[in-house]
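Enquirer: got a sequence here, can you build the structure:
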Amino acid sequence: MKKPRLLIRALVVAAAIAIAGCHAGPPEPSFPAGAMVIRLALPDDVPTLDPAAGYDSVSWQFEQMIFDTLVRYGDADVRLYPDLALSWKVSPDARVFSFTMRRDARFTNGRGVTSADIRYAIERVLTPKNNSQGIEYFRSIDGAENFIAGRTPQVAGIQTPDSWTISFHLIAPDPLFVDKLAMPFAAAVPREEVERWGDDFRRHPVGSGPFKLGEWIGGNRIVMLRNPGYFVAGVPRLDAVVTTLGVSEELEWLKFEAGEIDIASIPPAEFPYVMKTPALKRMTIHRVTISTEYVGMNCQMAPFNDIRVRRAINYAVNKDKLVELLNGRAVVARGVLPPGLPGFNPSLKGYPYDPAMARRLLEQSGHASGLKPELWIAADRTMMAIGESIQQDLALVGVDVILKPVAWGPLLEAVRQPDNVDMFVLGWEADFPDPSNFLEVLLSRRQWGDNNDTFYANPLVDQILDQAAPISDPARRYPLYQRAEEIVVGDAPWVFLYNRVNWVIRQPWVNGYELSPMRPSRFDRVWLSPRPR
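Expert: Sure thing, here's the model as predicted:
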């Protein structure tokens, strides 16, 4: 007779939490009775809380709690909404962008937010010694290159005629410039606090957002407290967001089952159980992300400098099997652009699973046997499973893949060096909702050594991307990007794997929580109803 599953799980939960308790850090801060506190968990520490430095989803999750930008995306869509700006105007040639700012926003140090704070934030990103990865997004502002070179004390193309007006003058049309201002790089920061803390501003951030930093114990927890002076009445509804750090996905799940975590990811091993349990399934939400996972092949290194080999690898990989491996939490990618992205081409065919075609192409290229490429992957359980599946598929066509699991940071550094990594698995999630954020950023010749880690180049693709870039009209813009994508797919610098579907589970007392298709979820409007006794 089998023991009831729930009883077994309860015993495991109790044991795991008891073990975790033996290594507990400092006691959690106390909150008044009735305080609305949501509890989360993350596997790693937060890299930074400085918006000029953060360029990862974990940093952005907390930065968007602390800081405000002129505009922001909706909680569950990719439309732009006012934030620090009340309104904005764009010139017909997409070269001048003018914003009227609200007057009631204040930093948590008590000072009002002005247009000078936006100027300072962007000039800080453009200052070379700060090594901000956001610098590329604002080089098109008139005078930015002079400022970067140290020839001028300010960027001439950022004008602040008064405290509530700011305008940006560009050297060339950029229909996406407002989207770039929604990135945390462009968040208002107070100069006096940056100068006070210097490099340590990353751990002592001061912003004007709905929350402020209450406590950050490295590797243990980070606590966000409600900003009582936030300019939106009644927001946030939560008093605090407490995130425990260093919690594995499996332990996070156990803590969720014990009611200690309010929102959690679902480990692959648990996903089928959740889907078969009506009470748990009702607690889940999901959304297709604007992201694409892919195997990159270095187009400048043999044998991947041969298009026949790259196409063969595409035909050899069974993407449907990968989706099954992920419990259906993905859709097969047909090309570079993910579904949900404006300009996505639903008629693109991609590469079906066809090992016979793969073998023919390898024979034609003279590589019917003897290929032993290294596949670099992130050293985590899911990526290892993905890598092993790809390894098995390629073995069936005579390609003996050697898996090379590497920590995330070294992996990113390695793939950006030419003649270093021949194959790798990476993914890209949209910074802003436009095809250029994939095709231009990841596949143009200009991005070699930055984000074009395959060192792919096709002059025709670059020509089409340059033609599309200044066009504002989607009816003219998107077909050009779709043409460029068709050429890229034919050239096969990637194995187009899948587009992730983000699934999370939240407790029944969590209300107002939304999944964004391309940003970490916000907690501005989340609230908690009373827990059942």
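
Enquirer: and the closest residue to Gly350 other than its chain neighbours, its phi and psi?
Expert: Distances taken as C-beta to C-beta, 6 or more residues apart in numbering put Arg334 closest to Gly350, at 3.4 Å, once the chain neighbours are dropped. For the C-beta atoms, the positions are set from N, CA and C on the backbone; glycine is no exception. Geometry field for Arg334 lists phi and psi as phi -100, psi -20, criterion degrees, to the nearest 10.

Enquirer: any idea how far Trp494 is from Arg334?
Expert: Relative to Trp494, Arg334 is positioned 12 Å away (C-beta to C-beta, to the nearest Å).

Enquirer: between the two, which is the more surrounded one?
Expert: More neighbours sit around Trp494 than around the other of Arg334 and Trp494, counting by other C-beta atoms under 10 Å; the figures are 26 against 23.

Enquirer: and the more buried one, bridged to which residues?
Expert: Using DSSP bridges, the bridge partners assigned to Trp494 are Gly296.

Enquirer: now for it: which residues touch it?
Expert: Residues in contact with Trp494 (C-beta atoms under 8 Å, 6 or more residues apart in numbering) are 294-297, 336, 454.

Enquirer: for Glu486, same thing?
Expert: Taking C-beta under 8 Å, 6+ apart as the contact definition, Glu486 lies against 335, 345, 348.

Enquirer: the last one contacts Val489, doesn't it?
Expert: Same thing as Leu348. Yes - under the criterion of C-beta atoms under 8 Å, Leu348 lies in contact with Val489, with a separation of 6.7 Å.

Enquirer: return every residue with contacts to both of these two.
Expert: Overlap between the neighbourhoods of Leu348 and Val489 consists of 334-335, taking contacts as C-beta under 8 Å, 6+ apart.

Enquirer: compare the two (neighbour count), which wins?
Expert: Counted by other C-beta under 10 Å, Leu348 and Val489 do not tie: Val489 has more neighbours, with 22 against 16.

Enquirer: check the secondary structure at the more buried one for me.
Expert: For Val489, the reduced secondary structure class is helix; criterion used: DSSP: H, G, I helix; E, B strand; the rest coil.

Enquirer: burial of the closest residue in space to it that isn't next to it in sequence, as a residue count?
Expert: Of all residues not flanking Val489 in the chain, Gly335 sits nearest, at 4.8 Å (C-beta to C-beta, 6+ apart). Look at Gly335: counted by other C-beta under 10 Å, it has 22 neighbours.

Enquirer: did I read that right, Gly335 in a strand?
Expert: No - per three-state DSSP, Gly335 lies outside any strand segment and is coil.

Enquirer: wait, it sits on Glu485?
Expert: Yes - Gly335 lies in contact with Glu485 (C-beta under 8 Å); the separation is 5.3 Å.

Enquirer: any residues in contact with both of these two?
Expert: Taking C-beta under 8 Å, 6+ apart as the criterion, Gly335 and Glu485 both touch 345, 348.

Enquirer: ok, Gly214 touching Arg226?
Expert: No - if you go by C-beta under 8 Å, Gly214 and Arg226 don't touch, sitting 9.3 Å apart.

Enquirer: where do the contact lists of the two overlap?
Expert: Between them, Gly214 and Arg226 share the neighbouring residues Ala240, with contact defined by C-beta under 8 Å, 6+ apart.

Enquirer: neighbour count winner among these two?
Expert: Just comparing Gly214 and Arg226: by other C-beta under 10 Å the higher neighbour count belongs to Arg226, 20 against 14.

Enquirer: so that one versus Ala302, what's the distance?
Expert: Between Arg226 and Ala302 the distance, using C-beta to C-beta, works out to 58 Å.

Enquirer: cool, and Asp50?
Expert: Computed as C-beta to C-beta, the Asp50 to Ala302 distance reads 42 Å.

Enquirer: quick one, which of those two is more surrounded?
Expert: When neighbours are counted by other C-beta under 10 Å, Asp50 and Ala302 differ, and Asp50 comes out ahead with 25 against 10.

Enquirer: contacts only, for the more buried one.
Expert: When contacts are counted by C-beta under 8 Å, 6+ apart, Asp50 touches 63, 201-202, 205.

Enquirer: strands - which of those land there?
Expert: Applying DSSP state E to the contacts of Asp50, no entry is found in strands.

Enquirer: and those, which two are the farthest apart?
Expert: Glu63 and Phe201 (11.9 Å; C-beta to C-beta).

Enquirer: helices of the stretch 201-350 of the chain, start to end?
Expert: Per DSSP state H, counting those that start in this stretch, the stretch 201-350 of the chain has helices spanning 249-257, 271-276, 278-281, 307-316, 319-325. These are given in chain order.

Enquirer: report the mean per-residue pLDDT for the shortest one.
Expert: The reference is to helix 278-281. Helix 278-281 shows an average pLDDT of 96 in the prediction.

Enquirer: so which residues make contact with it?
Expert: With contact meaning C-beta under 8 Å, 6+ apart, helix 278-281 is reached by 273-275, 505.

Enquirer: likewise for the fourth one?
Expert: Helix 307-316 is touched from outside by 295, 297, 299, 303-304, 350-355, 357-359, 361-362, 364-365, 367, 371, 393-394, 396-397, 399, 491-493, 495-496, with contacts defined as C-beta under 8 Å, 6+ apart.

Enquirer: same thing but at 7 Å, please
Expert: Contacts made with helix 307-316 from outside it, assessed by C-beta atoms under 7 Å, 6 or more residues apart in numbering, are listed as 297, 303-304, 351, 354-355, 357-358, 361-362, 364-365, 367, 393-394, 397, 491-493, 495.

Enquirer: quick one on the thing from earlier: top of the contacts of helix 278-281 by number of neighbours, please.
Expert: For the contacts of helix 278-281, neighbours were counted by other C-beta under 10 Å; the highest total belongs to Ile505, with 24 neighbours.

Enquirer: following element in sequence after the host helix or strand of that residue, please.
Expert: Ile505 is part of strand 494-506, with elements assigned from DSSP states H and E. Past strand 494-506, further along toward the C-terminus, the next helix or strand under DSSP H and E is strand 510-511.

Enquirer: who touches that next one?
Expert: Residues from elsewhere that reach strand 510-511, judged by C-beta under 7 Å, 6+ apart: 262-263, 526-529.

Enquirer: for stretch 463-478, same thing?
Expert: Residues outside stretch 463-478 that contact it (C-beta under 7 Å, 6+ apart): 94, 172-173, 175, 342-343, 435-436, 439-440, 444, 480-481, 483-484.

Enquirer: select from the residues you listed the one having the most neighbours.
Expert: Neighbours were tallied for each of the contacts of stretch 463-478 (criterion: other C-beta under 10 Å), and the maximum of 28 neighbours falls on Tyr481.
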